[in-house]
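[1] Here is a sequence together with a model predicted from it:
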Amino acid sequence: MRMETYIDSHTHLHFEEFDRDREAVMARARQAGVEQIISLGTDLFSSRQNLQLTRQFPEVFAAAGIHPSEAHRARPGDVEAVKTLAQSDPRVVAVGEIGLDFYWDSTYHREQYEIFREMLRIAGEIDKPVVIHNRAAQREMEWFFQEAGIETLDGVMHCFAGEVIDARFYLEMGLHISFTANITFRNFRAIDVIRCVPLERLLLETDSPYIAPAGTSEKRNEPANVIRVAEKIAEIHRLPREEIARITTENARRLFRLPDPAL
Ligand SMILES: [Zn+2]
Ligand SMILES: [Zn+2]
């Protein structure tokens, strides 16, 4: 029988936090059964860096995008360059990370909306799923989709922090929902949100190097810890962890059209 396997659907392997020991981080991920990893760009430059990482590590796939917190720094031509990059190589499997973030940034809302709209446009044009970041913009994002007349979308709401009503909105659009290790924190209360997501729409992620799980001495998070997210979800759903591993691996593989390494 195959060992329990995982996909970390959201990490930033290109970050300098991993520069001194990226090989060791990847070795620990492999050891933990993390078979595939999606590493997301936050701007044009880092999207290119992630494509480079797919050459170095066969289990890594990339996403190209402009993060809302980088939107105001985007230069003319960056959007089209992201599109070209995302189209240029089958190892770029998504457009991300993109979205709205009114937590870190209360000043550049116009730029954020503009880049988000453009990123959604290119994702549609090249037929790739999107990875959406939404922080402190729950209502605004829903209004945005309604106003833009976007009723269905192929992709995932990552590091989900909304309520049940928000989760239902995105599920109805056809989106997946993914959780990070913040669900392992003692003060995490949104168990009803996890319960309301059908298992076939669920993804696991670390968002590493951010959000190390509860009880770890390391401040930096890494893909091997995706198991901790699975564990917590398994506990909430009262299912074996292997079952959560199997279903979420299938989901990520289907959404991002990843090859099955066992075949
Ligand atoms: Zn994010
Ligand atoms: Zn991220």
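    Done, it's in. Ligands and ions are numbered 1, 2, ... in the order given.
[2] Just give me how far the longest helix seen in the chain sits from the chain centre.
    Secondary structure of the chain per DSSP state H: the longest helix is helix 109-126. Here helix 109-126 is found 17 Å from its chain centre; the criterion is CA atoms, centre = their mean, to the nearest Å.
[3] what's the answer for stretch 20-31, then?
    With CA atoms, centre = their mean, you get 19 Å for stretch 20-31.
[4] same deal with stretch 177-191?
    Distance, stretch centre to chain centre, for stretch 177-191: 15 Å (CA atoms, centre = their mean).
[5] List the buried residues of it.
    In terms of neighbour count (16 or more other CB atoms under 10 Å), stretch 177-191 has its buried residues at 177-184, 190. For the C-beta atoms, the positions are set from N, CA and C on the backbone; glycine is no exception.
[6] What count of nearby residues applies to the closest residue to E163 other than its chain neighbours?
    Excluding the flanking residues, the one nearest E163 by CB to CB, 6 or more residues apart in numbering is V193, at 6.4 Å. For V193, the tally of surrounding residues (other CB atoms under 10 Å) stands at 22.
[7] gap between V193 and L171?
    As judged by CB to CB, to the nearest Å, V193 and L171 stand 11 Å apart.
[8] cool, E23 as well?
    Distance, E23 to L171, using CB to CB: 38 Å.
[9] between these two, who's got more neighbours?
    Neighbours per residue, other CB under 10 Å: of E23 and L171, the larger number sits with L171, 16 against 11.
[10] how about stretch 200-210: buried residues?
    201-210.
[11] didn't A74 look like it was pressed against F45?
    No: between A74 and F45 there is no contact under CB atoms under 8 Å: 10.9 Å.
[12] which one of those two has more residues nearby?
    When A74 and F45 are compared for neighbours, A74 comes out ahead with 19 against 12, by other CB under 10 Å.
[13] So the closest residue to that one other than its chain neighbours versus E242, what's the distance?
    Using CB to CB, 6+ apart and skipping the chain neighbours, the partner closest in space to A74 is I66 (5.4 Å). Going from I66 to E242 by CB to CB gives 37 Å.
[14] neighbour-wise, which of these two wins?
    Higher neighbour count among I66 and E242: I66, with 30 against 14, using other CB under 10 Å.
[15] Spit out the contact partners of the more buried one.
    Residues near I66 by CB atoms under 8 Å, 6 or more residues apart in numbering: 41-44, 74, 78-79, 82, 98, 115, 119.
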